[in-house]
Each structure stands twice: as C-alpha cells, then as structure tokens.
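1. Provided below for reference: sequence and predicted model.
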Amino acid sequence: PGIVHRIDKDTSGLLVIAKTDVAHEGLAKQFAAHSIDRRYLAIVKGVPMVPQGMVDAPLARSAHDRKKIAIVAGTRGKRAVTHWKRLQALKDAALVECRLETGRTHQVRVHMASIGHPLLGDPVYGRGKSVHRKLLNQLDFHRQALHAAGLGFTHPVTKARLSFESALPSDMQELFTALGV
C-alpha cells in the first residue's frame, strides 16, 4: 500500500494513495493502461492562438542535462500525449486545462514549453526573459503554476467510478486574479 503515482515537486493538487495491496495493484494497472482521468490547471506564458490542441511528443531524460526531461526523436523516449484547452486569456498569459493521456515526468511542463507556452514560475522549463517576473516576485510565487485539479478512476475493489476535484490553491488563485484582464 502507499503512493500509486507522483506529481512534480512544487505542483499542488490531487494524489492517489492506496490503503491496501489489492487497491495498489488495481490502481497501478489503471495508470499503466492510461485509463485514469487526470486533469491539470496551469497558468502559461502567452495566450495560445487556438482554443485547444494536443501535443504528442516522446519524452526522455535530456542528453545535455540529466535533471531535465526533453522531447526526443526516434525510439529513445516514451510516448507522451497531452491534450490542452485554453480556459481563459489573461494579461500575456492564459489559464489552460491539460488532460494527460499518458503520465510522464514533467510532461505538462515540457509539452507546454514546446509549443511556446511555458508555465509561469517554472524554474526549469520557463527560463528566459519573462514579462511576469516582477509580478511573480511581488506575489512571492516561486513554483511552476501547475495544479492537479481533477482525478478519476475505477475503484479497484468496488468497481465504482470515482471522481475528485481540487480547487486552485490560494497562491495560484492570487496569480490568476492579478493577471485578470
């Protein structure tokens, strides 16, 4: 029993924890089969031109920096698919929902950065000049703006379909409000 999956350091939100070995095994199978519904809310740099999209790009450890994950060519990486939807345009930013078809380390962060919309506050993939740096410092916001907001799965014992939601934490709500148009 215990933790069935992980979320990135400094990402807030929902996590599945099993109380028994049977539950752990059943949930792990659902994660492996990609049948768990996982939805994240992110505040990204810039406003995506289209209302929604999908990033299907394999991920692996970066050949240049072992602490980073990168999109890789060929068979070196594992398939990673992120479906995203722009929920609200903000000041040089946007609130987006990301639904994971797969679950890879740093998947949302790498995929959104790859389409030119890194997560605000991301110390690894959001580097570079940011028009938001002053606001982030004023709000004392020092993490990626990423929240595991929704989680759905089939209970491994009762077979009931379960769904959980978590509201934006106060730090992301404050950032969202400050960026409001």
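-> Thanks, I have the structure now.

2. drop to CA atoms for contacts and neighbour counts, all remaining ones
-> Noted.

3. quick one: the helices in the chain?
-> Assigned by DSSP state H, the chain shows helices spanning 21-32, 107-114, 133-138, 170-179.

4. quick one: furthest residue from the center of the chain?
-> Largest separation from the mean C-alpha position in the chain: residue 158, at 28.6 Å (C-alpha atoms, centre = their mean).

5. count the neighbours of residue 134 for me.
-> Residues within reach of residue 134, counting by other C-alpha atoms under 10 Å, total 10.

6. look up how far residue 97 lies from it.
-> Distance of residue 134 to residue 97, given as C-alpha to C-alpha, to the nearest Å: 25 Å.

7. who does the one helix or strand in the chain whose mean pLDDT sits lowest touch, helix- and strand-wise?
-> Ranking every helix and strand in the chain by mean pLDDT, DSSP states H and E puts strand 2-3 at the bottom, with a mean of 87. Contacts defined by 3 or more C-alpha pairs under 8 Å, 6 or more residues apart in numbering; DSSP states H and E place strand 2-3 against strand 17-18.

8. switch to 10 Å and redo it
-> Counting contacts by 3 or more C-alpha pairs under 10 Å, 6 or more residues apart in numbering; DSSP states H and E, strand 2-3 packs against strand 17-18, helix 21-32.

9. adding distance to residue 72, write those out as CSV.
-> What follows is the helices and strands packed on strand 2-3, written out as CSV (distance: least, C-alpha to C-alpha, whole Å):
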stretch, distance to residue 72
strand 17-18, 31
helix 21-32, 21
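
10. next, format the ones you listed as CSV and append mean pLDDT, distance to residue 73 and mean neighbour count.
-> Formatted as CSV, the helices and strands packed on strand 2-3 follow (pLDDT from 0 to 100; distance: least, C-alpha to C-alpha, whole Å; neighbours: other C-alpha atoms under 10 Å):
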stretch, mean pLDDT, distance to residue 73, mean neighbour count
strand 17-18, 92, 34, 16
helix 21-32, 93, 23, 16
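
11. can you say which of those is nearest to residue 64?
-> Evaluated over the helices and strands packed on strand 2-3, closeness to residue 64 peaks at helix 21-32, with 28.4 Å, by C-alpha to C-alpha.
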